[in-house]
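Enquirer: Please find the sequence and the predicted model below.
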Amino acid sequence: MKSIVDAFKTTQLRWHARWLPGGAGTRQMGMTLVELIIAMAIISLMAGGIAMAVHQLLTTNRQANDQQYAVSQLRQAEHWITQDVQMTWTINSSGFPLTLSWTGIVDEADHEVTYTLEGPSGSLKRLQRYELVDGIPSTLVVAQNIDDVASSCSFTAPMLSVTLVVTSGGHTETRVFEVMPRKTLITVDGT
């Protein structure tokens, strides 16, 4: 039995010796420089792939957030402008600032709402809503990051047409909407 074990060890040693750089009869432990370089290259490729995947995931997430923010700003602006235009009796149609006025049916109060684009020159603006109800003022920021050069509004009976452009991060969203006042006889002030 001992001879079988010795024969196996001798055969195993010879087999290992053939594949070792030192030749037959030498035993080496560890890795060669070539094996180490190949292992480092494989690890580097895997790390590069993982880093690219994480970067793409974060970029896609940021772009989706920018788009969602721009759309929400446009929806909010459309909501407020539509609500006020449907109540109005008088429209100042010379663009922004847009002034709407009416007398309330229930409260019989005089309402005047003015939409303006405000902010520093050369930057994105915010859409402000100023309201006077029987002389009592209130202010609301309706939307932000508005491109004032590309945004406009005009009244051609019976529709008010509004174009708003919002930029968030690298994403730009445009919304064009038309609103028709409920009152049939609208007075147009301005040019």
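Expert: Noted; the coordinates are in hand. The structure presented is a predicted model; accordingly, all values stated were derived computationally and were not measured. Numbers count the residues shown, from 1 in each chain.
Enquirer: Please name the nearest non-neighbouring residue to the spatially most central residue of the chain.
Expert: Nearest to the mean C-alpha position of the chain, by Cα atoms, centre = their mean, lies D66 at 0.8 Å. Nearest residue to D66, sequence neighbours excluded (Cβ to Cβ, 6 or more residues apart in numbering): G169, at 3.6 Å. For every residue, glycine as well, the C-beta is placed using N, CA and C.
Enquirer: do V141 as well
Expert: R126 (5.3 Å).
Enquirer: what's the neighbour count on the closest residue in space to T82 that isn't next to it in sequence?
Expert: Among residues not flanking T82 along the chain, V179 sits closest, at 4.9 Å (Cβ to Cβ, 6+ apart). Using other Cβ atoms under 10 Å, V179 is surrounded by 20 other residues.
Enquirer: What is the helix or strand that contains E112 packed up against?
Expert: According to DSSP states H and E, E112 maps onto strand 110-118. Secondary-structure packing of strand 110-118 (3 or more Cβ pairs under 8 Å, 6 or more residues apart in numbering; DSSP states H and E): helix 33-87, strand 98-103, strand 125-133.
Enquirer: thinking again about what came up before, double-check the residue nearest to T82 against H79; I have them as touching.
Expert: No - using Cβ atoms under 8 Å, V179 makes no contact with H79, being 10.9 Å away.
Enquirer: What pLDDT does the model give L98?
Expert: Per-residue confidence (pLDDT) for L98: 91.
Enquirer: What residues are bridge-paired with the closest residue to it other than its chain neighbours?
Expert: With sequence-adjacent residues excluded and distances taken as Cβ to Cβ, 6+ apart, L98 is closest to Y115, at 4.5 Å. In this structure, Y115 bridges to L98, R129 when assessed by DSSP bridges.
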